[in-house]
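Trainee: can you look at this prediction? I've put the sequence above it.
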Amino acid sequence: MKNLIVFDIDGTLTDSVTQHIDAFKETLIEMGVSEINADFKTFKHHTDSYISKAIFESNQNKAFSKVEFDVFEKGLTDKLSVQNINEIVGAKSLIDKLINNTDYGFCFATGSLRKAAEYKLNSVGILFEDWQLVTSDAIYDREGIVNSAIENAVKHYKVSKFERIISVGDGLWDLITAKNLALEFVGVGLTNEKILIENGAELVYKDLTGFEL
């Protein structure tokens, strides 16, 4: 196994950004939060674990303990589980091809919490093993999540390192993370195409039907 592809999920493999944001905000409101800064890109880390903690503690003036985390995770997952989640066109077909590809391994690194991420992947029929999915439950920063996913892949595929590591994502934070970790980057989606290109992305697909290895 020479190469590795690290996939983001929301907006990259699943068309779930709006549903996730709505569920995120609704859950915090149910937990008593009265003011929510919905401009998530202004937060230090673009992850569910960090942003939910930051918003809750700022508004409630108390720690976002394990109890609150569990309540938040359940609320988020329950709200998403009644939503219809569709794939980004070509996502399942691409993953199915990669399953049998001997040159490319793959894994998933997302700022979402794990149960929510699992629901999204399951909703569109994308198969994955536990080791392949790294989420923000115990990691606040995107670089830490991606690095953990890469480390899992190194162990699973029994390599010392990969010749190429390609990060695939839809957001500016995905591109910044790839740059910080010196990874190749491929963008997905038209929503952020302009800002991705302005910030150095050389390749942005409208969906995953045109993705070439």
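Mentor: That came through fine. Numbering: from 1, shown residues only.

Trainee: C-alpha from now on. contacts and neighbour counts both.
Mentor: Will do.

Trainee: buried residues in the helix or strand that contains I176?
Mentor: Following DSSP states H and E, one finds I176 within helix 172-180. The neighbour-count check on helix 172-180 (16 or more other CA atoms under 10 Å) flags 172-179 as buried.

Trainee: and the residue most central in space within the chain, what does it touch?
Mentor: Closest residue to the average C-alpha location of the chain: T110 at 2.3 Å, with CA atoms, centre = their mean. Residues counted as contacts of T110 (CA atoms under 8 Å, 6 or more residues apart in numbering) are 7-10, 47, 117, 133-136, 142, 145-146.

Trainee: which of the residues you listed fall in helices?
Mentor: Among those, the subset assigned to helices under DSSP state H consists of 117, 142, 145-146.

Trainee: list buried residues within those.
Mentor: The neighbour count (16+ other CA under 10 Å) marks 117, 142, 145-146 as buried among the ones in helices among the contacts of T110.

Trainee: separation between the residue in the chain sticking out farthest from the centre and G32?
Mentor: Distance to the chain centre peaks in the chain at N61, reaching 28.6 Å (criterion: CA atoms, centre = their mean). Look at N61 and G32: by CA to CA, to the nearest Å, they are 12 Å apart.

Trainee: the helix holding I176 packs against which elements?
Mentor: Applying 3 or more CA pairs under 8 Å, 6 or more residues apart in numbering; DSSP states H and E, we find helix 172-180 packed against helix 142-157, strand 164-169, strand 184-188, helix 193-198.

Trainee: quick one: it to helix 142-157, angle?
Mentor: 60 degrees (axes from the mean of the first three to the mean of the last three CA atoms, to 10 degrees).

Trainee: roughly how far out does helix 172-180 sit from the chain middle?
Mentor: Distance of helix 172-180 from the chain centroid (CA atoms, centre = their mean, to the nearest Å) equals 12 Å.

Trainee: and if you look at stretch 193-200?
Mentor: That offset, for stretch 193-200, works out to 19 Å (CA atoms, centre = their mean).

Trainee: break the protein down into its domains, please.
Mentor: The chain breaks down into these domains under automatic domain parsing: 3-16+85-205, 17-80.

Trainee: highest mean neighbour count out of these?
Mentor: Stretch with highest mean neighbour count among the domains of the chain: domain 3-16+85-205 (a mean of 19; mean count of other CA atoms under 10 Å).

Trainee: please enumerate the strands of the chain.
Mentor: Counting by DSSP state E, one finds strands in the chain at the ranges 3-7, 14-15, 86-87, 104-109, 133-134, 164-169, 184-188, 204-205.

Trainee: and E143, what does it touch?
Mentor: 177, 180-181.

Trainee: let me know the closest of these to L190.
Mentor: Using CA to CA, T177 comes nearest to L190 of the contacts of E143, at 19.5 Å.

Trainee: from E143, how far off is that closest one?
Mentor: 6 Å.

Trainee: again, but for S49
Mentor: 14 Å.
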